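S.K.: need a structure here:
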Amino acid sequence: MVRYVPSRMYLPAGVAALALGTASLWFAARWAPSYVAVVLFLVTGALLLYLAFRPPVEISAEALTIGRRRIAWKAIRRVDRTGWISPLVVRLALEGEESPLFLVYPGEPRSAGHLLQSLRQHARWALIDGIPHWQFWGEDPPEERRALESPKYRILRPEDEEEVERLYRRLKTVGHLDSSGDES
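M.R.: As a prediction, the model looks like this:
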């Protein structure tokens, strides 16, 4: 199991933005246009704190776990990347749900790339950015993988096969194989 936790940089950045927002209140009391800075700092600080406290994402062979929510790989129908890389935002379409689930992972860009790759590899029954999983990874289509025939081994010699065929035809026409003619 691999665990992806949020980056540590979001918490201090969020606290700093909230501190700057409250400091900007002092300026806003003397100059009204400073309220714009207050609002921007407070909204940014709240967004950064939201990202800092996102639940960890765990990937195992059986399921994807986001916080307390566990999603089986078979239940994921689509994995669509959005334009967001840091923080990583991925849209997941789940079986039986009409609205998509947005996975938000506020991690380092390198770990976000690993998480995206792991999601794509494990979601074998999903479309990846609109492309079937097997085609995205350059594999054979599922039908071709199942179409492999088992090898046929010769059990009888050709002469024996002819004898079996002759006996089978006789059985079909007469109804029995004994040469005496008894029906007992």
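
S.K.: and the closest residue in space to Leu88 that isn't next to it in sequence, what element?
M.R.: Nearest non-adjacent residue to Leu88, counting by C-beta to C-beta, 6 or more residues apart in numbering: Ala112, 3.8 Å away. Just so you know, the C-beta spots here come from the backbone N, C-alpha and C atoms, and that holds for glycine as well. Per DSSP states H and E: Ala112 is located in helix 109-122.

S.K.: scan the protein for its longest helix.
M.R.: Criterion DSSP state H: the longest helix present in the chain is helix 10-30.

S.K.: after the helix or strand of the chain with the lowest mean pLDDT comes which helix or strand?
M.R.: Ranked by mean pLDDT, DSSP states H and E, the weakest helix or strand in the chain is helix 142-146, scoring a mean of 62. Sequence order places helix 158-174 as the next helix or strand after helix 142-146, per DSSP H and E.

S.K.: show me what that next one is packed up against.
M.R.: Other helices and strands packing on helix 158-174, by 3 or more C-beta pairs under 8 Å, 6 or more residues apart in numbering; DSSP states H and E, are absent; none qualifies.

S.K.: contacts for stretch 72-81, please.
M.R.: Residues outside stretch 72-81 that contact it (C-beta atoms under 8 Å, 6 or more residues apart in numbering) are 62-64, 90-96, 100, 116, 119-120, 122-130.

S.K.: filter the residues you listed down to the ones in helices?
M.R.: Using DSSP H, the contacts of stretch 72-81 in helices are 116, 119-120, 122.

S.K.: confidence score at the closest residue to Val90 other than its chain neighbours?
M.R.: Once flanking residues are discounted, Val90 sits nearest to Leu103: 4.5 Å by C-beta to C-beta, 6+ apart. At Leu103, the model reports a pLDDT of 95.

S.K.: swap in Ala29?
M.R.: 86.

S.K.: with Glu95 instead?
M.R.: Looking at Glu95, the pLDDT reads 92.

S.K.: how many neighbours does the residue nearest to it when sequence neighbours are not counted have?
M.R.: In this structure, Glu95 finds its nearest non-sequential neighbour in Ala75, 4.6 Å apart by C-beta to C-beta, 6+ apart. Look at Ala75: counted by other C-beta atoms under 10 Å, it has 18 neighbours.

S.K.: list the residues that contact the residue nearest in space to the middle of the chain.
M.R.: In the chain, the centroid-proximal residue (C-alpha atoms, centre = their mean) is Ala123; its distance is 2.8 Å. Counting by C-beta under 8 Å, 6+ apart, Ala123 makes contact with 73, 76, 79, 133.

S.K.: residues contacting Leu51?
M.R.: By C-beta under 8 Å, 6+ apart, the neighbours of Leu51 are 6, 10, 14, 87, 104, 106.
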